[in-house]
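K.L.:
Next comes the sequence, and after it the predicted model I'd like to discuss.
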Amino acid sequence: MLFRELAELARRIASTSSRREKVAIVAELIRKLGPEEAYKALLILTGRIFPPSDPRELNVSWATLWKVVSELAPGGEPKGVDVGELVESMLRSRDKRQTTLFEEPLTIEEVYSLLEAIAEAEGPGSKGKKEVILKSLFSRVEPEEAWLLANAIVGETRLGLSEGLLIDAIAYAYRRRREDVERAAMVLGDPYEIVRRGGRLEFKPVVFRPLRPMLAQTAESVRAAITELGKCALEYKLDGVRVQVHMRGGEVRLFSRRLSEVTRSVPDVVESVRSGVRAEEAILEGEIIAERDGKPLPFQMLIRRFRRTNFDPKLIEEIPLRLYLFDLLLLNGESYLERPYVERRAKLEQVVSEPLKLVPSMVTSNPQEGEKFMKEALERGHEGIMAKRLDSPYVPGVRGRYWLKVKEVHTLDLVIVAAERGYGRRHRWYSDYYLAARDPETGEFLVVGKTFKGLTDEEFEWMTRKLEEMAVEREGKLIKVRPEIVVEVAFNEIQRSPKYRSGFALRFARIVRIRDDKTPDEVDTLDRVRELYERQGRKL
Ligand code: AMP
């Protein structure tokens with residue numbers, strides 16, 4: 001197919017806001033093209049160029065693109081809102097005599113291989129090489145095509161082609177059930193691969209193709225997790241880098257949770273897998289931490305081992321790593337995804353030996369025992385625990401409630417800026433509180449969470465009286481108050497949230513006590529909230 005036709009199709013996708021129509025157009029494209037060509041077309045349309053597990057990157061900055069385009073169309077007048085429109089308008093002013101009239105129009109395949117050549121230009125002078133290829137590419141496309149090309153190169157095609165939509169289109173094109181396509185996409189790491197395989201759905205892990213990792217939800221406490229899951233497994237939650245280990249024969253490759261390959265950064269871990277896993281072929285999962293004398297080293301040290309550039313062999317000694325395994329997804333040709341947790345763990349124990357370790361674990365239904373285990377994990381410098389359902393399968397790419405993470409509780413001092421009347425027994429009181437941190441720049445108090453938990457009936461009474469005295473505005477059940485009452489609030493996690501202007505929201509917030517000894521200017525700042533958020537979110 002000509003690239004021009006793909007660009008026309010992209011216009012059609014852009015011009016409709018109907019999801020169904022977008023799905024139909026993409027499905028039609030998939031059916032019309034051969035697998036390899038459709039695969040490349042979808043990667044271009046979504047502005048990815050390479051799928052997540054492909055380490056190649058274009059690395060073309062906006063400045064470079066601009067330089068190339070300006071050379072082709074000097075003095076052009078850039079108009080438009082996105083990169084593609086700007087480039088298109090520039091090229092319209094290009095002196096036609098500069099373009100070679102006899103050049104054949106470009107096909108999708110040709111454009112894609114030129115993009116590959118750009119990604120593969122490496123080493124000294126790579127910037128120049130990239131520019132030369134870009135220039136030949138843009139000199140051969142019409143302004144209408146340049147729009148899609150430029151947007152794809154900067155990674156923003158804005159066609160509304162989310163992964164969910166691609167999955168729908170693939171299901172439609174090959175007449176498969178959506179759930180099956182989704183599952184195969186998680187097992188293969190991305191939906192593009194299904195198209196490349198001509199619609200063949202794979203449900204068994206493929207060695208050297210990273211799967212989307214199974215994810216956990218949060219529980220408020222060990223007790224809450226055990227109440228929900230019943231008798232379950234508890235494991236230390238290590239604060240490191242999650243890796244999927246793929247091995248066959250002597251070959252070992254490691255992938256991060258974002259599916260990028262990290263093998264080269266960790267030759268020592270690779271070696272430990274070679275000697276510590278007794279299997280011809282396996283896919284395992286675990287967490288790498290930096291460790292000395294059995295104690296975890298700070299995450300900041302660990303992360304130095306994973307910097308992309310300039311891997312320094314000296315770091316191997318300076319920052320010793322250890323892989324703690326916690327799951328088994330494939331063994332000697334057999335998929336373990338559907339097997340229950342207990343069976344996967346038992347098999348893991350059989351095939352793994354020193355210098356590798358398994359994540360410390362226990363099975364219990366007793367909350368006190370669980371709390372003791374959690375305390376032990378924290379004392380040893382870990383992040384908390386994971387509670388896992390004993391009969392749970394491994395579900396790639398899904399954040400479900402088979403795994404529940406319980407993290408250390410943090411506290412912040414916050415000020416109450418508004419409250420709502422409760423329901424039922426609590427309707428007499430203002431029992432739901434908006435909690436705010438101080439913005440150090442403006443001095444404003446910005447809401448970071450809401451809670452109705454933690455106070456006794458007497459305290460609700462007291463609080464209601466106080467809030468009424470401090471009211472500045474009433475609106476239905478809501479009362480806005482002068483920011484005066486400071487409370488200490490416990491929580492398990494901070495999330496990014498558009499709900500509040502602060503941009504953050506506390507998970508499982510509860511009031512620990514009323515801090516009458518503190519004034520509002522002593523409450524924690526938004527910077528502190530951000531710092532705690534960043535500390536918990538540093539994942540590769
Ligand atoms: P979070 O990133 O807070 O959603 O927590 C999930 C992450 O905890 C996983 O992606 C792993 O990197 C990490 N983790 C640490 N220990 C374990 C464990 N025992 N089981 C599963 N994941 C673990």
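P.N.:
That came through, no problem.
K.L.:
what sits against residue 175?
P.N.:
Residue 175 makes no contacts at all, as judged by Cβ atoms under 8 Å, 6 or more residues apart in numbering. Bear in mind the C-beta positions are built from the backbone N, C-alpha and C, glycine included.
K.L.:
mind redoing it with 10 Å?
P.N.:
By Cβ atoms under 10 Å, 6 or more residues apart in numbering, the residues touching residue 175 are 27, 199.
K.L.:
quick one, phi/psi of it?
P.N.:
Per-residue torsions, residue 175: phi 50, psi 50 (degrees, to the nearest 10).
K.L.:
Next one: it from the ligand, what distance?
P.N.:
According to Cβ to the nearest ligand atom, to the nearest Å, residue 175 stands 35 Å off from the ligand.
K.L.:
Kindly report the same for residue 38.
P.N.:
Counting by Cβ to the nearest ligand atom, the gap from residue 38 to the ligand is 32 Å.
K.L.:
just residue 177 next, same as before
P.N.:
28 Å.
K.L.:
Just the pLDDT at that residue, thanks.
P.N.:
Here the pLDDT value assigned to residue 177 is 98.
K.L.:
And for it, nearest residue in space, chain neighbours not counted?
P.N.:
residue 171 (6.6 Å; Cβ to Cβ, 6 or more residues apart in numbering).
K.L.:
who's in contact with that neighbour?
P.N.:
23, 27, 177-182, 191, 194, 199, 201.
K.L.:
The residue in the chain positioned nearest to the ligand in helix, strand or coil?
P.N.:
The chain approaches the ligand most closely through residue 242 (3.1 Å), counting by Cβ to the nearest ligand atom. The three-state label given to residue 242 by DSSP: H, G, I helix; E, B strand; the rest coil is strand.
K.L.:
ok, back up a step: just give me the closest of the contacts of residue 171 to residue 396.
P.N.:
Nearest to residue 396 among the contacts of residue 171: residue 182, at 10.0 Å, using Cβ to Cβ.
K.L.:
That closest one against residue 165, yeah?
P.N.:
No. The criterion here is Cβ atoms under 10 Å, and residue 182 misses it with residue 165 at 12.0 Å.
K.L.:
overlap in contacts of the two?
P.N.:
Joint contacts of residue 182 and residue 165 (Cβ under 10 Å, 6+ apart) are residue 191.
K.L.:
Buried residues of the helix or strand of the chain with the lowest mean pLDDT, list them for me.
P.N.:
Least confident element among the helices and strands of the chain, by mean pLDDT, DSSP states H and E: helix 83-92 (a mean of 83). By 16 or more other Cβ atoms under 10 Å, the buried positions in helix 83-92 come out as 83-91.
K.L.:
Out of those, which is nearest to residue 380?
P.N.:
For the buried residues of helix 83-92, the nearest to residue 380 is residue 83 (49.8 Å; Cβ to Cβ).
K.L.:
I figured that closest one was touching residue 63, is that so?
P.N.:
No. Assessed by Cβ under 10 Å, residue 83 is found out of contact with residue 63, at 11.7 Å.
K.L.:
bridging residues for residue 389?
P.N.:
Counting by DSSP bridges, residue 389 is bridged to residue 232.
K.L.:
OK, contacts around residue 46?
P.N.:
Taking Cβ under 10 Å, 6+ apart, one finds 26, 152, 155, 157, 159, 161-163, 165-166, 191-192 in contact with residue 46.
K.L.:
Tell me where the model's unsure across the stretch 51-200 of the chain.
P.N.:
95-102 (pLDDT under 70).
K.L.:
So which residues on the chain come close to the ligand?
P.N.:
Neighbours of the ligand within the chain, by Cβ under 6 Å from any ligand atom: 213, 216, 235, 237-238, 242, 257, 287, 326, 359, 386, 405, 539.
K.L.:
mind giving me the domain split of the chain?
P.N.:
3-153, 215-407, 412-539 (automatic domain parsing).
K.L.:
Turn those into TSV, columns for distance to residue 209.
P.N.:
Formatted as TSV, these follow (distance: least, Cβ to Cβ, whole Å):
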stretch	distance to residue 209
domain 3-153	6
domain 215-407	8
domain 412-539	21
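K.L.:
And these: which comes nearest residue 186?
P.N.:
Using Cβ to Cβ, the domains of the chain put domain 215-407 closest to residue 186, at 3.5 Å.
K.L.:
Return the distance of the closest one from the chain's centre.
P.N.:
18 Å (Cα atoms, centre = their mean, to the nearest Å).
K.L.:
where does the most centrally placed residue in the chain land in three-state SS?
P.N.:
A centroid search over the chain (Cα atoms, centre = their mean) returns residue 258, at 6.8 Å, as the residue closest to the centre. Following three-state DSSP, we place residue 258 in the coil state.
K.L.:
and which of the residues of the chain next to the ligand is nearest residue 441?
P.N.:
residue 539 (28.2 Å).
K.L.:
Could I get the pLDDT score of the closest one?
P.N.:
The model's pLDDT for residue 539 equals 52.
K.L.:
on that earlier part again, kindly indicate which of the contacts of residue 46 lies nearest residue 505.
P.N.:
residue 162 (23.5 Å).
K.L.:
contacting residues for that closest one?
P.N.:
By Cβ under 10 Å, 6+ apart, the neighbours of residue 162 are 19, 22, 46, 168.
K.L.:
let's see 6 Å
P.N.:
By Cβ atoms under 6 Å, 6 or more residues apart in numbering, the contact list for residue 162 is empty.
K.L.:
repeat for residue 52
P.N.:
190, 259.
K.L.:
try 8 Å
P.N.:
Counted by Cβ under 8 Å, 6+ apart, residue 52 has contacts 189-190, 258-260.
K.L.:
Show me the two of those residues that sit farthest apart.
P.N.:
Using Cβ to Cβ for every pair in those, the one that comes out farthest apart is 190 and 260, at 12.3 Å.
K.L.:
Give me the more crowded residue out of these two.
P.N.:
Neighbour comparison, residue 190 and residue 260: the larger count goes to residue 190, with 23 against 15 (by other Cβ atoms under 10 Å).
K.L.:
ok, the closest residue to the more buried one other than its chain neighbours - contacts?
P.N.:
Once flanking residues are discounted, residue 190 sits nearest to residue 51: 4.8 Å by Cβ to Cβ, 6+ apart. Residue 51 makes contacts with 43, 189-190, 192-193, as judged by Cβ under 8 Å, 6+ apart.
K.L.:
Show me the two of those residues that sit farthest apart.
P.N.:
43 and 189 (13.5 Å).
K.L.:
quick revisit: how far away is the residue of the chain closest to the ligand from residue 336?
P.N.:
18 Å (Cβ to Cβ, to the nearest Å).
K.L.:
Out of these two, name the residue with the larger neighbour count.
P.N.:
Using other Cβ under 10 Å as the criterion, residue 242 and residue 336 rank with residue 336 on top: 22 against 17.
K.L.:
so what strands line up beside the helix or strand containing residue 400?
P.N.:
Applying DSSP states H and E as the criterion places residue 400 in strand 399-407. Strand 399-407 has its sheet partners listed here by DSSP bridges as strand 215-218 (parallel), strand 384-389 (antiparallel).
K.L.:
Go through those strands and name the closest to residue 476.
P.N.:
strand 215-218 (31.2 Å).
K.L.:
I'd like the next helix or strand past the closest one.
P.N.:
Next along from strand 215-218, by DSSP H and E: helix 222-229.
K.L.:
Now do the same contact list for residue 270.
P.N.:
Going by Cβ under 8 Å, 6+ apart, the list of residues near residue 270 reads 252, 254, 263.
K.L.:
element containing it, please.
P.N.:
Using DSSP H and E, residue 270 sits in helix 267-276.
K.L.:
Would you indicate which residues of the helix or strand that comes right after that helix are buried?
P.N.:
Once helix 267-276 ends, the next helix or strand along the chain (criterion: DSSP H and E) is strand 281-292. Within strand 281-292, the residues that qualify as buried are 281-291, counting by 16+ other Cβ under 10 Å.
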